[in-house]
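Colleague: Build me a structure from this.
(2 chains)
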2 protein chains.
Amino acid sequence: MTNQIENLSSAEVRALCRSGAFTGATSGLAKGRVQANMMIVPREDAFDFLLFCQRNPKPCPLVEVLDPGQFAPRCAIGADLRSDLPGYRIYESGVLAKEVEDLRDYWRDDLVSFLIGCSFSFEGALMAGGIPLRHVDTGVNVAMYKTNIPCQSAGRFSGNMVVSMRPVKSRDVAKAVEISGRFPQVHGAPVHIGHPEVIGIMDLARPEFGDAVPLMPDELPVFWACGVTPQYIAEQSRLPFCITHAPGKMLVTDYQTA
Amino acid sequence: MTNQIENLSSAEVRALCRSGAFTGATSGLAKGRVQANMMIVPREDAFDFLLFCQRNPKPCPLVEVLDPGQFAPRCAIGADLRSDLPGYRIYESGVLAKEVEDLRDYWRDDLVSFLIGCSFSFEGALMAGGIPLRHVDTGVNVAMYKTNIPCQSAGRFSGNMVVSMRPVKSRDVAKAVEISGRFPQVHGAPVHIGHPEVIGIMDLARPEFGDAVPLMPDELPVFWACGVTPQYIAEQSRLPFCITHAPGKMLVTDYQTA
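Modeller: Residues are numbered from 1 along each chain as shown, chains lettered A, B, ... in the order given. Next comes the predicted model:
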């Protein structure tokens, strides 16, 4: 069954999500297709959030922004954003209020959906460049941490960045920067290398999102801006209402990775 | 005097504009600094226009978007957007209502300013690459045309694109594409090459903005997306109110061209 799921097309993955048959993480599915983080806010907050993305392109590289009330994106033919992700989180006053597998009962005509690039896209390029990724090899989610790196504020949206961490052998660090730097649409070059405490991370073994992976003696921790940042910003800003994808449960688009 | 003005720094050019001593076009001033087109809309239209820019990055590559009511941009230290451009246009219901040299009497706390990349930035790279630019050599403004190329709509903002045209020798066309393609923040690669009638331009000798330049027999007309597009969009969309820079009279920022 695992093998079968891994061979499905992007549209087939979305159909499985829509029917409720698949509610897992999307890492490794529909290889070669861009996956997207999602953030949905009411129309009244949409200018501020779009401005936040414009000012913080590393954590929030936009793939697409839909018109208010719309849920059929251009990047995924025939998709319905209300049902075609494996899972969703609903936040109220910056606090996680509910985790659901379908949004159709919660949809409103004033909701604006933002699709944000995901580092799954450049991981393929890193691996093709000869840089192994431990979380992929061991089949766990990437480790993600809250930091003290401030984002540029926009209206009510302000706070610090979330980063993902991948251990990279010292000799490969420069190559990892060069390869990921070629993908400015999906977080680009790292925001920090080595010394996690400098960016406010006190214990690599305890990520705030995803799963911890061990760091070997000949490796440095390399940190990239992460598309989970909007969820943390919603929390820090006590945003009255928003909906996001559930961690690791992305929209699988039809776009090809570069 | 001409020589003196050409040697001024970006801050000195802005100070001359602020005092009213300079009201001309900014082409060729403060060489090596990014110049920006400007579009100012009320807060209620700002989400739609920001979305329009996000969906149409070739004509509308964003340099910076200011918070509502703000007029001190990050890209030009000490600048005041209300006075530091040589000239402004005020549009009402999509029609040019007034051309002024200072906005301070017209400023409102709900106005949102958008600064948009300008092709002056890649012209330096073209010339450095051995591609002469006739409008620069002859000291006139670049030729700009309304086209039939549709922009992607966003809310009330919809309509066709404005392009700038530069004659390029056939043997240099590929090089011109490569060089300008390296500047995605300032319009990027051309949107059309040769055959102006295909994009709705019936007479190259009669540009809608700027000045006509002759085309030699060994040259092709090469068309780039143009930052005057928002003014044409305002016209086509019958936008209730907006303010723009006057054609050719840009904000000279402190940012270095690449």
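Colleague: How about the secondary structure of A:V198?
Modeller: On the three-state scheme (DSSP: H, G, I helix; E, B strand; the rest coil), A:V198 is labelled helix.
Colleague: Based on its surroundings, how many neighbours for the residue lying closest to it once chain neighbours are set aside?
Modeller: Using C-beta to C-beta, 6 or more residues apart in numbering or on different chains and skipping residues adjacent in sequence, the residue nearest A:V198 is A:H192, 7.0 Å away. To be clear about C-beta, it is placed using only N, CA and C from the backbone, and glycine gets the same treatment. Per other C-beta atoms under 10 Å in any protein chain shown, the neighbour tally for A:H192 reads 19.
Colleague: wait, what's in contact with A:H192?
Modeller: A:H192 is in contact with A:T147, A:I149, A:V163, A:V198, A:I199, A:V222, A:F223, counting by C-beta atoms under 8 Å, 6 or more residues apart in numbering or on different chains.
Colleague: what do you get for A:S10?
Modeller: A:A30, A:R33, A:A76, A:V252, A:T253, A:D254.
Colleague: Which pLDDT value belongs to the first one?
Modeller: On the pLDDT scale, A:A30 is placed at 88.
Colleague: next one: A:G188
Modeller: For A:G188, the pLDDT comes out at 83.
Colleague: does chain B sit close to stretch A:247-258?
Modeller: No: for stretch A:247-258 and chain B, the contact criterion (C-beta under 8 Å from any C-beta of the partner chain) is not met; the two come no nearer than 13.6 Å.
Colleague: thinking A:I5 is in contact with A:L29, fair?
Modeller: Yes: the pair A:I5 / A:L29 is scored as a contact, 6.5 Å apart, by C-beta atoms under 8 Å.
Colleague: For the stretch 51-200 of chain A, which residues are neighbours of chain B?
Modeller: Counting by C-beta under 8 Å from any C-beta, the stretch 51-200 of chain A sits next to chain B at A:L51, A:Q54, A:R55, A:L62, A:V65, A:D67, A:A154, A:G155.
Colleague: rerun at 6 Å
Modeller: A:L51, A:Q54, A:V65 (C-beta under 6 Å from any C-beta of the partner chain).
Colleague: Quickly list what the residue nearest to A:V198 is bridged to.
Modeller: For A:H192, the beta-bridge partners under DSSP bridges are A:F223.
Colleague: same question, A:A143
Modeller: Counting by DSSP bridges, A:A143 forms beta bridges with A:M165.
Colleague: Okay, and the residue in the stretch 1-150 of chain A that chain B sits nearest to sits in which element?
Modeller: Closest contact between the stretch 1-150 of chain A and chain B, by C-beta to the nearest C-beta, is at A:F47 (3.8 Å). Following DSSP states H and E, the helix or strand that holds A:F47 is helix A:43-55.
Colleague: Identify each buried residue in that helix, please.
Modeller: Neighbour counts over helix A:43-55 (16 or more other C-beta atoms under 10 Å in any protein chain shown) mark A:D45, A:A46, A:F47, A:D48, A:F49, A:L50, A:L51, A:F52, A:C53, A:Q54, A:R55 as buried.
Colleague: Pretty sure the fifth one sits against A:V41.
Modeller: This points to A:F49. Yes: counting by C-beta atoms under 6 Å, A:F49 touches A:V41, with 5.1 Å between them.
Colleague: Surely A:I233 is in a strand?
Modeller: No: going by three-state DSSP, the assignment for A:I233 is helix, not a strand.
Colleague: out of everything not next to it in sequence, what's closest to it?
Modeller: Excluding its sequence neighbours, the residue lying closest to A:I233 (C-beta to C-beta, 6+ apart) is A:G159, at 4.6 Å.
Colleague: I'd guessed the one you found sits against A:Q236; true?
Modeller: Yes: in this structure, A:G159 is within contact of A:Q236 by C-beta under 6 Å, at 3.2 Å.
Colleague: rewinding a little: and which of the residues of the stretch 51-200 of chain A next to chain B is nearest to B:L81?
Modeller: If you rank those by distance to B:L81 using C-beta to C-beta, A:L51 comes first, at 16.4 Å.
Colleague: Report the contact partners of the nearest residue to the closest one once chain neighbours are set aside.
Modeller: Closest residue in space to A:L51, ignoring its immediate chain neighbours: A:A154 at 3.8 Å, by C-beta to C-beta, 6+ apart. Neighbouring residues of A:A154 by C-beta atoms under 6 Å, 6 or more residues apart in numbering or on different chains: A:D48, A:L51, A:F52, A:R55.
Colleague: so what's the first one up against?
Modeller: Listed by C-beta under 6 Å, 6+ apart, the contact set of A:D48 reads A:A154, A:G155, A:R156, A:F157.
Colleague: The residues you listed: which two are farthest apart?
Modeller: Spanning the widest gap among the contacts of A:D48 are A:A154 and A:R156, at 8.3 Å by C-beta to C-beta.
Colleague: Mind listing what's buried along stretch A:114-132?
Modeller: Buried, per 16+ other C-beta under 10 Å, within stretch A:114-132: A:114-123, A:125-126, A:131.
Colleague: Let me know the closest of the residues you listed to A:E12.
Modeller: The closest of the buried residues of stretch A:114-132 to A:E12 turns out to be A:F120 (C-beta to C-beta; 17.6 Å).
Colleague: What strand or helix carries the spatially closest residue to that closest one that is not a sequence neighbour?
Modeller: Closest residue in space to A:F120, ignoring its immediate chain neighbours: A:Q35 at 4.8 Å, by C-beta to C-beta, 6+ apart. Here A:Q35 is covered by strand A:33-42, with elements defined by DSSP H and E.
Colleague: Mind pulling the model confidence for A:S121?
Modeller: A:S121 carries a pLDDT value of 69.
Colleague: Tell me if I'm right that A:R104 and A:R82 touch.
Modeller: Yes: using C-beta under 6 Å, A:R104 makes contact with A:R82 at a distance of 4.9 Å.
Colleague: more crowded one of the two?
Modeller: In this view A:R104 and A:R82 are compared by other C-beta under 10 Å, and A:R82 has more residues nearby, 20 against 10.
Colleague: so the more buried one touches A:P73, yeah?
Modeller: No: at 11.3 Å, A:R82 does not count as touching A:P73 under the criterion of C-beta under 6 Å.
Colleague: shaky segments in the stretch 151-258 of chain A?
Modeller: Low-confidence segments of the stretch 151-258 of chain A (pLDDT under 70): A:258.
Colleague: That one: helices as residue ranges?
Modeller: Under the criterion DSSP state H, counting those that start in this stretch, the stretch 151-258 of chain A contains helices at A:173-181, A:229-236.
Colleague: in the shortest one, what's buried?
Modeller: Residues of helix A:229-236 classed as buried by neighbour count (16+ other C-beta under 10 Å): A:T229, A:P230, A:Q231, A:Y232, A:I233, A:A234, A:E235.
Colleague: Next: the first one.
Modeller: By neighbour count with 16+ other C-beta under 10 Å, helix A:173-181 contains the buried residues A:V173, A:A176, A:I179, A:S180.
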